[in-house]
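1. Provided below are the primary sequence and the corresponding predicted coordinates.
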Amino acid sequence: MQFASSPGSRRLLDGVAVVGAILLSVGLVQYAAKDTTVTLAFAGGLVVLGLIAFMAVRFQTRPDEQLPQALPDWSVTVAAIEQPGQAVAITDRANRIVCANSSFEDSFGSGHAPPRLPVDSASLEQLNRAARAAWRDGSSGEVFTITKAGRSWTAEAERAGRADDYLIWRFTAVLKDEPMVATSTYLTGPFGRMLGSAGIALALVDPEGTIRAVNSGFARRASGDETARLSGQEFAALLRSDERERIFFAREGNKATPQALIHIPIQDYTDRKGGRPGPADAPSLMMLVDAGTGLGGLGGDAKGQTPQLEALLEQLPLGLAMTDSDGHFLFANPAFRRAAGLEGRDLPPYPSDLVIQRDKSAMSDAVRRFGQGAANSGDIAVRLRSEPEEPVSLGLAGVRGLGEAAVLLSLADTTEETRLKRQVAQATKMQAVGQLAGGVAHDFNNVLTAIIGYCDLMLLRHTPGDSDYDDIQQIKANSNRAASLTRQLLAFSRQQTLQPEVLQLPDVLSEVSQLLKRLLGAKITLTTRHDRNLGAVRADPRQLEQVIINLAVNARDAIQSKGGGESTSGSLTFVTRRVESSDIRRMGSEIIPAGDYTVLIAEDTGGGIPPEVLGKIFEPFFTTKEQGKGTGLGLSTVYGIVKQSGGFIFASNAKAPDGSIKGARFTIYLPVHHVTEEELAKAEQEEEARNWSGGGRILLVEDEDMVRAVAERALTRQGYDVQTASDGDEGFDIVRDGGEFDLVVTDVVMPAMDGPAMAREIRKLKPRLPILFMSGYAEEQLRKDINIEAMHFIPKPFSVQQIADKVAQVLARHGKSG
């Protein structure tokens, strides 16, 4: 009979053997002693000993039954997470690093564990939130970005482990913020290993001469171990030269094969201060190949080396090209073609063919100089034919021992950077022009206030038919035209004063439709179409009329210029549409926030807007019309009014059914306004103000004598008791010395103490005294800067009647002080 060799069967056999031994021993004692008492005592002892032995055997843990409980082998984990370009760290619940790969140590150091990394405060807060979310939910959620000294990483965290007691952190370098990371990834990845196996040694060296990354070929030649990480070591310390200035690896000595060193500056590098250093201050890619034995031992004669080098350079993310000693192009990789504006076109014969006429001679001389003599490197500032207004830095390096190749050219693809620079320059220009226009308009408004005010006062003494009446009216009309011009100047700089009302766009279009028909003429057809259930918008109706008129004039000029004169026929269509928040979300726009909008579309048949002009049409003073026929303020005014009204405007080209461009299309989004109880109450107060006749005591503070005189006369005629001051200091002194007033009317910008400063000081003495500011600047901006309770506003220039009505409105709302 055969028993299975299992732990249970073995224990059964052991038990049978023990029982048999006990019975045999008892029989022997009985036989020898012939005494039953002795035999029973002996048998009892054996039973006890047998039970003890059985229990010991029963509960003994056999070696073959033991479970392995050894600690985890973290070296295996480290090898698994070693990924080029991605820093990985594993932390426990105490936020201590359990293991991390080399990329993490290079990026953050071994003395820091997430979420407490050496990053900026905003990034640190994001890391803390991510850690809390990962412990709670299992992951940090969406990938986020952290920043450290100009470098950026995307980061994420995930909970792991049998007991969910670890966090796995992954950080991926954002290559656009640190171009060196891109090159480092290529060197330490499969591409670098391929070059290393071919005998090509590559090292990425920072501006201080410190190694940032090497490929396996360089590590093997410099240290004897192709897996060695040499980052942080001095590049020059790993090389040596003899009396003939031949270069060798220091480890191999002078008896080894001399090396040909190729220095490639990384021209698209941006330092941590945001600057763009020259080649001497930029990181470099150092390529070492055996001199005189072909490219890294690949074999073949000198002429056969160029195709092999081309195949290698083709994969690099840097813009690289090669020429021979005579300056003929041999090769250019895709990055170089893209940077030089040659995508989809053949490579020209010479590098000088890439630059404008004025730079051709300098370019040719530089290529010839680096192609002959000793190998060295440098750069030259040139202007490419594809971007003649933007100088670029072209790197040049002389190379030797690579067959026909004599000069290596490097050029950064700065397309995105150039676009951003133009946007910043445009924004700066707009801000400067806006500030200038705002200042001019403010001073001009003071003059116009006085002119219009005196005209009103003179008209009160003259009746129609008087010899001077028509002349005064003409002066006032021209002053109002000048006021309209200042509003345009303030519009595109978004500093104009709007007087918004809740209105419907179809009503505004209806108001100006007759004027539009006269502006367009008989040959241009005006069409309007309105959607149903349009939401009301809150905007200045006069400014919206200005927007519609400017768009109509632009359409008329485009149609007439397309056809050659006023007899050209065409059409202009205004369409209003209702757009809900769900429609905005489906659009996926990054500019327009989700919400309900009323949209105004203006579409003409004027031939459209050229692509090169489309991005400039909203710039102030930009015009495509002949000199003397356009101010360049039309569309910039439209843009400023729409933006200041809280809306958005987009320009595009409308297409005909056959796909051709039919004309221009302007789309304006204005947010739907919902009337509040506060606005209803304000409307009731304005109605009460029209019937105000209670008089009052007014302190008038204005540094411009002519404006102060007009305002004083206007208010005195309405029965108010007016006391004047020429600046803020004088006005405050009057109140401090006991002056009692129902209202303070003051200018904003004054020498010494300005209007807001004076108002704050007065409020300390008279907390409930209302303040009425007079200014040519925008009310919205003024309220942001001042933010005083019971503050009111009247824009300059104003008429005698306007300031009288505004003062009555304020006093009706707050009442007299007694």
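-> Yes, it's here. Treat the numbers as computed from the prediction; the structure is a model and nothing was measured. Residues are numbered from 1 along each chain as shown.

2. list the helices and strands the host helix or strand of Thr716 packs on?
-> Secondary structure from DSSP states H and E places Thr716 in helix 705-717. Taking 3 or more CB pairs under 8 Å, 6 or more residues apart in numbering; DSSP states H and E as contact, the helices and strands that helix 705-717 lies on are helix 415-459, strand 697-701, strand 721-725, strand 743-747, helix 800-814. Bear in mind the C-beta positions are built from the backbone N, C-alpha and C, glycine included.

3. Gly535 and Ala160, how far apart?
-> Per CB to CB, to the nearest Å, Gly535 is found 51 Å from Ala160.

4. neighbour-wise, which of the two wins?
-> Gly535 (17 against 13; other CB atoms under 10 Å).

5. tell me the SS of that one?
-> coil (DSSP: H, G, I helix; E, B strand; the rest coil).

6. So for it, what's the pLDDT?
-> In this model, Gly535 is scored at 90, pLDDT.

7. ditto for the one 10 residues further on
-> Looking at Glu545, its pLDDT reads 87.

8. that's a helix at it, yeah?
-> Yes - assigned with three-state DSSP, Glu545 falls within a helix.

9. how many neighbours does it have?
-> 16.

10. Skip the chain neighbours and tell me the closest residue to it.
-> Of all residues not flanking Glu545 in the chain, Val512 sits nearest, at 5.0 Å (CB to CB, 6 or more residues apart in numbering).

11. For that neighbour, give me its contacts.
-> 545, 548-549 (CB atoms under 8 Å, 6 or more residues apart in numbering).

12. Quick one: low-confidence residue ranges for the stretch 251-400 of the chain.
-> Filtered on pLDDT under 70, the stretch 251-400 of the chain yields the residue ranges 267-281, 292-312, 373-375, 400.

13. Please, where are all the helices along it?
-> With helices called from DSSP state H, counting those that start in this stretch, the stretch 251-400 of the chain shows them at 305-313, 334-339, 360-371.

14. cool, and the stretch 601-750 of the chain?
-> For the stretch 601-750 of the chain, the helices defined by DSSP H, counting those that start in this stretch cover 611-614, 634-644, 677-689, 705-717, 728-736.

15. hey, which of those helices is tucked in deepest?
-> Comparing the helices of the stretch 601-750 of the chain by mean neighbour count (mean count of other CB atoms under 10 Å), helix 634-644 comes out on top with a mean of 24.

16. What helices and strands are in contact with that one?
-> Secondary-structure packing of helix 634-644 (3+ CB pairs under 8 Å, 6+ apart): helix 469-492, helix 541-563, strand 648-655, strand 661-671.

17. any idea of the mean pLDDT in the helix or strand just after the second one?
-> Sequence order places strand 570-579 as the next helix or strand after helix 541-563, per DSSP H and E. For strand 570-579, mean pLDDT rounds to 92.

18. helices or strands up against strand 570-579?
-> Using 3+ CB pairs under 8 Å, 6+ apart: strand 570-579 touches helix 505-520, strand 524-530, helix 541-563, strand 597-604.

19. Quick check: mean pLDDT of the second one?
-> Going back to what we said before, that points to strand 524-530. Mean pLDDT, computed over strand 524-530, is 91.

20. now the angle between strand 597-604 and it, please.
-> Put simply, strand 524-530 runs at 160 degrees to strand 597-604, going by axes from the mean of the first three to the mean of the last three CA atoms, to 10 degrees.

21. ok, strand 524-530: who's next to it in the sheet?
-> strand 570-579 (parallel) (DSSP bridges).

22. tell me what the next helix-or-strand element following the partner strand is packed against?
-> Counting by DSSP H and E, the element after strand 570-579 in chain order, helix or strand, is helix 581-587. Contact partners of helix 581-587 among helices and strands, from 3+ CB pairs under 8 Å, 6+ apart: none.

23. quick one: buried residues of helix 581-587?
-> Ile584 (16 or more other CB atoms under 10 Å).

24. Ok, stretch 642-653 next?
-> So, applying 16+ other CB under 10 Å, buried residues of stretch 642-653: 642, 644-645, 647-649, 651, 653.

25. related to what we said a few turns ago, ok, the contacts of Val512 vs Thr605, which is closest?
-> Ile548 (17.7 Å; CB to CB).

26. Quick check: chain neighbours aside, which residue is closest to that closest one?
-> Ile548's closest residue in space is Val512 (CB to CB, 6+ apart), at 5.6 Å.

27. ok, now Ala555?
-> Closest to Ala555 by CB to CB, 6+ apart is Asp604, at 3.6 Å.

28. and the gap between that neighbour and Met791?
-> As judged by CB to CB, Asp604 and Met791 stand 44 Å apart.

29. out of those two, which sits in the busier spot?
-> Each of Asp604 and Met791 has its neighbours counted (other CB under 10 Å); Asp604 has more, 27 against 18.

30. correct me, but that one touches Thr568?
-> No - at 11.7 Å, Asp604 does not count as touching Thr568 under the criterion of CB atoms under 8 Å.

31. Need the overlap of contacts for the two.
-> Joint contacts of Asp604 and Thr568 (CB under 8 Å, 6+ apart) are Ile559.

32. Show the contacting residues for the spatially closest residue to Ala321 that is not a sequence neighbour.
-> Nearest non-adjacent residue to Ala321, counting by CB to CB, 6+ apart: Ala332, 3.8 Å away. Contacts for Ala332 (CB under 8 Å, 6+ apart) come out as 320-322, 340, 342, 347, 409.

33. 10 Å - rerun?
-> With contact set as CB atoms under 10 Å, 6 or more residues apart in numbering, Ala332 has these partners: 310, 313-314, 319-323, 338-340, 342, 347-348, 351, 354, 409, 411.

34. ok so, going back, ok, the residue nearest to Glu545 to Gly663 distance?
-> On the measure of CB to CB, Val512 and Gly663 end up 20 Å apart.

35. Can you get me a residue count around Asp120?
-> Residues near Asp120, counting by other CB under 10 Å, number 12.

36. Sketch out the low-pLDDT regions of the stretch 551-700 of the chain for me.
-> For the stretch 551-700 of the chain, the ranges with pLDDT under 70 are 564-566, 620-633, 677-694.

37. Swap in 80 and give it another go.
-> When residues are selected by pLDDT under 80, those of the stretch 551-700 of the chain lie in 562-568, 590, 612, 614-616, 618-634, 674-695.

38. Are any of the contacts of Ala332 buried, and if so which?
-> Neighbour counting by 16+ other CB under 10 Å classes 310, 313, 319-323, 339-340, 342, 347, 351, 354, 409, 411 among the contacts of Ala332 as buried.

39. Leu409 reaches Gly378, doesn't it?
-> No - the pair Leu409 / Gly378 is not scored as a contact, 11.4 Å apart, by CB atoms under 10 Å.

40. related to what we said a few turns ago, using JSON lines, lay out the helices and strands packed on strand 570-579 together with distance to Met458.
-> Converted to JSON lines, the helices and strands packed on strand 570-579 look like this (distance: least, CB to CB, whole Å):
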{"stretch": "helix 505-520", "distance to Met458": "30"}
{"stretch": "strand 524-530", "distance to Met458": "40"}
{"stretch": "helix 541-563", "distance to Met458": "26"}
{"stretch": "strand 597-604", "distance to Met458": "41"}
